[in-house]
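S.K.: can't give you the sequence, but here's the structure:
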């Protein structure tokens, strides 16, 4: 089950970009994996330096947070 309370809020109805978030206690694993795959699709996995690895870790963290 998705938490869609924001989608009907005045802010969303005025044209703000709504994002669908999954609540931990109602996590739909299929939907979560789909959102995660979509978020990860644009991340390049080539990390040759420590700075690249740090940037990659940040992008992976953001992708997980964005899906969750």
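M.R.: Looks like it came in fine. As the structure is a computational prediction, the values presented were derived from the model and not from experiment.

S.K.: Mind giving me the packing neighbours of the longest helix seen in the chain?
M.R.: Counting by DSSP state H, the longest helix found in the chain is helix 50-67. Here helix 50-67 is seen to pack against helix 29-40 when contacts are counted using 3 or more CB pairs under 8 Å, 6 or more residues apart in numbering; DSSP states H and E. All C-beta spots, glycine's among them, are computed from the backbone N, C-alpha and C.

S.K.: report the angle between the axes of the helix it packs on and helix 50-67?
M.R.: 140 degrees (axes from the mean of the first three to the mean of the last three CA atoms, to 10 degrees).

S.K.: for helix 29-40, packing partners?
M.R.: helix 50-67.

S.K.: Go through the helix it packs on and flag the buried ones.
M.R.: With burial defined by 16 or more other CB atoms under 10 Å, the residues of helix 50-67 counted as buried are 59, 63, 67.

S.K.: Output these in JSON lines, with distance to residue 49 appended to each entry.
M.R.: Output for the buried residues of helix 50-67, formatted as JSON lines (distance: CB to CB, whole Å):
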{"residue": "59", "distance to residue 49": "15"}
{"residue": "63", "distance to residue 49": "21"}
{"residue": "67", "distance to residue 49": "27"}
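
S.K.: List just the nearest of the residues you listed to residue 28.
M.R.: Of all these, residue 28 sits closest to residue 67, with 11.0 Å by CB to CB.

S.K.: Any idea which helix or strand in the protein has the lowest mean pLDDT?
M.R.: helix 10-13 (a mean of 51; mean pLDDT, DSSP states H and E).

S.K.: circling back to that earlier point, for the longest helix of the chain, give me every contacting residue.
M.R.: With CB atoms under 8 Å, 6 or more residues apart in numbering as the contact definition, helix 50-67 has outside contacts at 19, 22, 32, 35-36, 38-40, 43, 45-47.

S.K.: Kindly indicate the member of those residues with the most neighbours.
M.R.: residue 35 (20 neighbours; other CB atoms under 10 Å).

S.K.: Roughly how far does the nearest residue to that residue once chain neighbours are set aside sit from residue 27?
M.R.: In space, and not counting its chain neighbours, residue 35 is closest to residue 67: 3.8 Å by CB to CB, 6 or more residues apart in numbering. The gap separating residue 67 from residue 27 is 10 Å, by CB to CB, to the nearest Å.
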